[in-house]
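In: sequence and predicted structure, then a few things I'm wondering about:
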Amino acid sequence: MEFDPSRPIYRQIISGFLKKIIRGDLKRGDKIPSQREYAETARVNPNTVQRAYREMEQQGIVETVRGQGTFVKISDQLLNQCKTEMAQEFVQEYLFEMRELGFDDQEIVKRLVGEINAKGGMISD
């Protein structure tokens, strides 16, 4: 697993789990790897994984059952909120980068629509 050096690893771990939950790869009640297993697989410090799991638990994304493991717990409301927030972050990042390249909003929209249509989407200009 590769991490972006510009963002804290524990946040990237949380984001990775949220993406899996949003896509449906992980569902409510599914068990996630132990902190030790995840740390070994991802090749990160166990303390970093512990921080990510603790934060996910505080946010209501997972719950740890002593002696059994950590399970996805997220409510539908929180899941929708996380999905919306992540989408907003990605759009804002995309817009920032495109503006950094010198594109105005009209050109950004034109290019985005062009890409969607090239991939089989059906957006009219």
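Out: Done, it's in. Owing to the predicted nature of the structure, the values given are computational and were not obtained by experimental measurement. Residues are numbered from 1 along each chain as shown.
In: shouldn't Thr41 be within a strand?
Out: No. Read with DSSP: H, G, I helix; E, B strand; the rest coil, Thr41 is helix and lies in no strand.
In: list the residues that contact it.
Out: 1, 33 (C-beta atoms under 8 Å, 6 or more residues apart in numbering). All C-beta atoms are positioned from the backbone trio N, CA, C, and that covers glycine.
In: what's the spacing between stretch 26-46 and its chain's center?
Out: On the basis of C-alpha atoms, centre = their mean, to the nearest Å, stretch 26-46 sits 15 Å off its chain's mean C-alpha point.
In: hey, C-alpha coordinates of it in PDB?
Out: C-alpha atoms of stretch 26-46 as PDB (Å, rounded to 0.1, in the frame of the first residue of the first chain):
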ATOM      1  CA  LEU A  26     -17.300  -3.500   3.500                       C
ATOM      2  CA  LYS A  27     -20.800  -3.600   5.000                       C
ATOM      3  CA  ARG A  28     -22.200  -3.000   8.500                       C
ATOM      4  CA  GLY A  29     -21.200  -6.000  10.700                       C
ATOM      5  CA  ASP A  30     -18.200  -6.900   8.600                       C
ATOM      6  CA  LYS A  31     -15.000  -7.600  10.500                       C
ATOM      7  CA  ILE A  32     -11.900  -5.500   9.600                       C
ATOM      8  CA  PRO A  33      -8.300  -6.700  10.000                       C
ATOM      9  CA  SER A  34      -6.800  -6.400  13.500                       C
ATOM     10  CA  GLN A  35      -4.600  -3.400  14.100                       C
ATOM     11  CA  ARG A  36      -1.500  -5.600  14.000                       C
ATOM     12  CA  GLU A  37      -2.600  -7.400  10.800                       C
ATOM     13  CA  TYR A  38      -3.300  -4.100   9.100                       C
ATOM     14  CA  ALA A  39       0.000  -2.600  10.200                       C
ATOM     15  CA  GLU A  40       2.000  -5.600   8.900                       C
ATOM     16  CA  THR A  41       0.100  -5.600   5.500                       C
ATOM     17  CA  ALA A  42       0.300  -1.900   5.000                       C
ATOM     18  CA  ARG A  43       3.900  -1.700   6.400                       C
ATOM     19  CA  VAL A  44       3.100   1.100   8.800                       C
ATOM     20  CA  ASN A  45       3.800   1.700  12.500                       C
ATOM     21  CA  PRO A  46       1.200  -0.100  14.600                       C
END
